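Chemist: this one's sequence-less:
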């Protein structure tokens, strides 16, 4: 079995697991269906249940943990972030920032929900989250500037 070694600072090719998860999520979103994050993990693991032998349980536990991490990475693409540039692959046509879906918590379950399936209250909460995030980033930048002003522009050590 060949294992690809990740090199720090270098982007590695997307794994087949990541591609599989992305396709599964995208297909559900395209059909205007809610994607339950835990379901995606179970679905992918069940699709690859051909492990046999005395180490089966060990491999299943490891596989489940890895797939869960990959699903989490894909779900994070649908979380709002203060990034300056948007992921164009998940933007709603006709918008520069609005995504086709958002990761939210309903009950205690993480879900990726198409924007047109969010309730009015969920969209208002997401909008408020974005405003708080923006406000927090501006406050952080103001404090960085104040730090420089109080210590002089060259106040950094080194």
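Modeler: It's in. Predicted, not measured: the structure shown is a model, and the values here were computed from it.
Chemist: so what's the residue sitting nearest the centre point of the chain up against?
Modeler: Central residue of the chain (Cα atoms, centre = their mean): residue 76, 0.9 Å from the mean position. Residue 76 makes contacts with residue 103, as judged by Cβ atoms under 8 Å, 6 or more residues apart in numbering. Backbone N, C-alpha and C define where each C-beta goes, glycine included.
Chemist: I'd like the average pLDDT over the strand or helix carrying residue 69.
Modeler: Here residue 69, judged by DSSP states H and E, is contained in helix 56-76. Average pLDDT, helix 56-76: 94.
Chemist: Then stretch 136-154?
Modeler: pLDDT averaged over stretch 136-154 gives 87.
Chemist: buried sites along the helix holding residue 69?
Modeler: Buried residues in helix 56-76, defined by neighbour count with 16 or more other Cβ atoms under 10 Å: 63, 67-68, 70-71, 74-75.
Chemist: pull the longest helix from this structure.
Modeler: The residue-count maximum for a helix in the chain (DSSP state H) belongs to helix 120-151.
Chemist: coming back round to it: and the buried residues of helix 56-76, which two are the farthest apart?
Modeler: The span of these, defined through Cβ to Cβ, is set by 63 and 75 at 18.2 Å.
Chemist: residue contacts, residue 66?
Modeler: Taking Cβ under 8 Å, 6+ apart, one finds residue 17 in contact with residue 66.
Chemist: Check what pLDDT residue 9 gets.
Modeler: Residue 9 is assigned 48 on the pLDDT scale.
Chemist: quick check, residue 83 in a helix?
Modeler: No - according to DSSP: H, G, I helix; E, B strand; the rest coil, residue 83 belongs to no helix; its state is coil.
Chemist: ok, it to residue 61 distance?
Modeler: Look at residue 83 and residue 61: by Cβ to Cβ, to the nearest Å, they are 34 Å apart.
Chemist: same check, this time on residue 133
Modeler: 36 Å.
Chemist: Now do the SS call for residue 112.
Modeler: Classified using three-state DSSP, residue 112 is strand.
Chemist: which non-adjacent residue is nearest it?
Modeler: With Cβ to Cβ, 6 or more residues apart in numbering as the measure, residue 35 is the residue that lies nearest to residue 112, at 4.0 Å, once sequence neighbours are left out.
Chemist: repeat for residue 38
Modeler: residue 109 (6.7 Å).
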